[in-house]
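In: From the sequence below, what's the structure:
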Amino acid sequence: MQRQYRLHQTRDFERLRQEGHVYRHPLLVVNVAPNHLAHNRYGFITSRQLGKAVVRNRTRRLMREAVRQLHPHLNSGFDMVLIARPRLAGLPFGDVYEAVQEMARRAAILVERQNPT
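Out: Residues are numbered from 1 along each chain as shown. Presented below is the predicted three-dimensional model:
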């Protein structure tokens, strides 16, 4: 994922926590808020509850790949933070993709349904 599409600043994560709308799923939690830009930005949070660093990194990579595939089908102008829940650790990509897609649909930013390739 390109650098311009990532959230890095602590203040951006804080703004989403304060102003964003929260959507909950058994596998992940998503905060979404408008960003007044022409593109979306994404942040990923994996806590130590998921497991050791290898598990957290793999989970983060799977979430990033799911968002990368969905990105062309999402409405522009939003910041989105995905927070992995412990049940997400160790799942295959298809399950992660379906969870991210469901959360985008609930947040009303998914333009059309897309299956993983």
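
In: Just the mean pLDDT for the single longest helix found in the chain, thanks.
Out: Secondary structure of the chain per DSSP state H: the longest helix is helix 53-70. Mean pLDDT, computed over helix 53-70, is 94.

In: In the helix or strand following that helix, which residues are buried?
Out: The element immediately downstream of helix 53-70 (helix or strand, assigned by DSSP states H and E) is strand 78-84. Across strand 78-84, burial judged by 16 or more other Cβ atoms under 10 Å covers 78-84. (Glycine included, C-beta is placed from N, CA and C.)

In: How about stretch 31-48?
Out: 31-33, 35, 40-46.

In: biggest separation within these, which pair?
Out: Asn35 and Thr46 (22.2 Å; Cβ to Cβ).

In: for the helix or strand harbouring Arg17, packing partners?
Out: Element membership for Arg17 (DSSP H and E) is helix 10-19. Applying 3 or more Cβ pairs under 8 Å, 6 or more residues apart in numbering; DSSP states H and E, one finds that helix 10-19 contacts strand 28-34, strand 41-45, strand 78-84.

In: Arg17: which of the ones you listed is closest?
Out: strand 28-34 (6.6 Å).

In: now the closest one, how far from the centre of its chain.
Out: Put simply, strand 28-34 sits 7 Å off its chain's centre (Cα atoms, centre = their mean, to the nearest Å).

In: try stretch 54-65
Out: With Cα atoms, centre = their mean as the basis, stretch 54-65 stands 11 Å off its chain's centre.

In: Would you mark the buried spots in that stretch?
Out: Quick answer for stretch 54-65 (16+ other Cβ under 10 Å): 55-56, 59-60, 62-65.
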